[in-house]
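Chemist: pasting the structure only:
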């Protein structure tokens, strides 16, 4: 059950950072500052989740595919989600130009 909450939190972080970066891109028309905003949101949410899950829930690791990462599964997904946000903004920018 705890693994499900970890994956749910990662997906929620992805959705929040993607929505906020697209909103910021539409407002400012600057892809790099929107990507920086998404990176900051990812860092704050996922590092905060690392602290909460390790101190409050006493989680030492997860099972399944990412079992070897342990509690650092959140830190592992910071660059992954930021990279996905980069490509999402590139597609959004291309769509806006047509």
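Modeler: That came through fine. Predicted model only: the values in this text are computed from it and were never measured. Numbers count the residues shown, from 1 in each chain.
Chemist: same for the longest helix belonging to the chain, what does it pack against?
Modeler: Secondary structure of the chain per DSSP state H: the longest helix is helix 2-28. Helices and strands touching helix 2-28, by 3 or more CB pairs under 8 Å, 6 or more residues apart in numbering; DSSP states H and E, are helix 31-55, helix 73-97. Heads up, the C-betas are built off the backbone N, CA and C, glycines and all.
Chemist: I'd like the distance from it to the chain centre, please.
Modeler: Relative to the chain's own centre, helix 2-28 is displaced by 6 Å; criterion: CA atoms, centre = their mean, to the nearest Å.
Chemist: got the angle between it and helix 73-97?
Modeler: 30 degrees (axes from the mean of the first three to the mean of the last three CA atoms, to 10 degrees).
Chemist: and the angle from helix 2-28 to helix 31-55?
Modeler: 160 degrees.
Chemist: What residues sit buried inside helix 2-28?
Modeler: 3, 6, 9-10, 13-14, 17-18, 20-22, 24-25 (16 or more other CB atoms under 10 Å).
Chemist: circling back to that earlier point, want to throw the helices and strands packed on helix 2-28 into CSV with mean neighbour count?
Modeler: Shown next, in CSV, are those (neighbours: other CB atoms under 10 Å):
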stretch, mean neighbour count
helix 31-55, 17
helix 73-97, 15
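Chemist: Serialize the ones you listed to TSV and add fields for mean pLDDT.
Modeler: Below are these laid out as TSV (pLDDT from 0 to 100):
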stretch	mean pLDDT
helix 31-55	90
helix 73-97	89
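Chemist: gap between residue 3 and residue 90?
Modeler: Using CB to CB, to the nearest Å, one obtains 32 Å as the distance from residue 3 to residue 90.
Chemist: now swap in residue 74 and tell me
Modeler: 25 Å.
Chemist: now do residue 55
Modeler: The value you get for residue 55 to residue 90, if CB to CB is used, is 37 Å.
Chemist: Repeat that for residue 10.
Modeler: For residue 10, the distance to residue 90 - CB to CB - is 22 Å.
Chemist: List the contacts of residue 49.
Modeler: The contact partners of residue 49, taken as CB atoms under 8 Å, 6 or more residues apart in numbering, are 9, 13, 74.
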